[in-house]
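*Asks:* Below are the sequence and a predicted model for it; my questions follow.
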Amino acid sequence: MRVTYFAYGSNLLFARLHARCPSIVNLGIGRLDGHRLHFNKPGGDASGKCGIEAVDGSHHVLGVLYHMHADEKPVLDRIEGVGHGYIDRQVVVHTDDGPVDCFTYYPTLHDAGRPPWDWYKAFVLEGARENGFPDRYLAMIAEVTAVEDPDGDRRRNNLDVLSAAGIAFAAS
């Protein structure tokens with residue numbers, strides 16, 4: 001059995017998610033209406049991670065729909081922190097081919113005082129570029145202030161993932 005996942009943060013980058021869930025198949029871009037993207041979910045590494053929140057108005061979050069084997073979902077739930085900062089929730093995402101029922105992750109914690117690490121922001125931005133997001137959306141992500149990760153090993157490991165995906169990292 002397969003499930004459909006709406007990724008909007010670092011899992012936009014195929015290489016990042018594929019390392020976590022090898023069965024993924026990219027189904028294309030989707031739009032979650034009535035929501036806004038932010039980088040204020042506190043991560044376990046003391047940085048800000050992507051989150052979404054429901055808002056009034058014409059805001060929307062772009063993301064990528066992925067099919068994956070259902071038996072990989074518990075692995076992704078653990079990595080994403082379900083029960084420890086995120087919950088999974090069913091949503092309806094709009095595509096050019098119509099609405100799609102899928103799951104995504106909502107943050108349960110918020111802390112606007114934690115900027116993302118530069119490598120994390122690069123995962124989000126490069127994933128959005130890889131999937132052909134509009135320039136206006138790319139600019140919104142690019143404007144987010146990020147800082148260098150003080151953990152050199154963690155930073156190097158994540159930059160290696162970007163490099164293996166053919167992405168030349170330039171510090172923010």
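*Replies:* On my side now, so go ahead. Numbering: from 1, shown residues only.

*Asks:* Now do the buried residues in stretch 91-100.
*Replies:* Neighbour-count burial for stretch 91-100, with 16 or more other Cβ atoms under 10 Å as criterion, is recorded at 91, 93, 100. In this view, the C-beta of every residue, glycine as well, is placed from N, C-alpha and C.

*Asks:* Which of the residues you listed sits closest to residue 140?
*Replies:* Relative to residue 140, the closest of those is residue 93; by Cβ to Cβ it sits at 18.7 Å.

*Asks:* so is the closest one in a helix, a strand, or just coil?
*Replies:* Each residue gets one of three states, and residue 93 gets strand by DSSP: H, G, I helix; E, B strand; the rest coil.

*Asks:* Redo the buried residues of stretch 91-100 as TSV? Include distance to residue 139 and pLDDT.
*Replies:* Below are the buried residues of stretch 91-100 laid out as TSV (distance: Cβ to Cβ, whole Å; pLDDT from 0 to 100):
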residue	distance to residue 139	pLDDT
91	25	98
93	22	98
100	26	98
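
*Asks:* Export those residues to TSV and append columns for distance to residue 109.
*Replies:* Listed next are the buried residues of stretch 91-100 as TSV, based on distance: Cβ to Cβ, whole Å:
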residue	distance to residue 109
91	19
93	24
100	27
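
*Asks:* which among those gets closest to residue 110?
*Replies:* For those, the nearest to residue 110 is residue 91 (18.9 Å; Cβ to Cβ).

*Asks:* Name the nearest residue to the residue nearest to the spatial centre of the chain, ignoring sequence neighbours.
*Replies:* Nearest to the geometric centre of the chain sits residue 9, at 1.4 Å (Cα atoms, centre = their mean). Leaving aside its sequence neighbours, residue 9 sits nearest to residue 50 (Cβ to Cβ, 6 or more residues apart in numbering; 3.0 Å).
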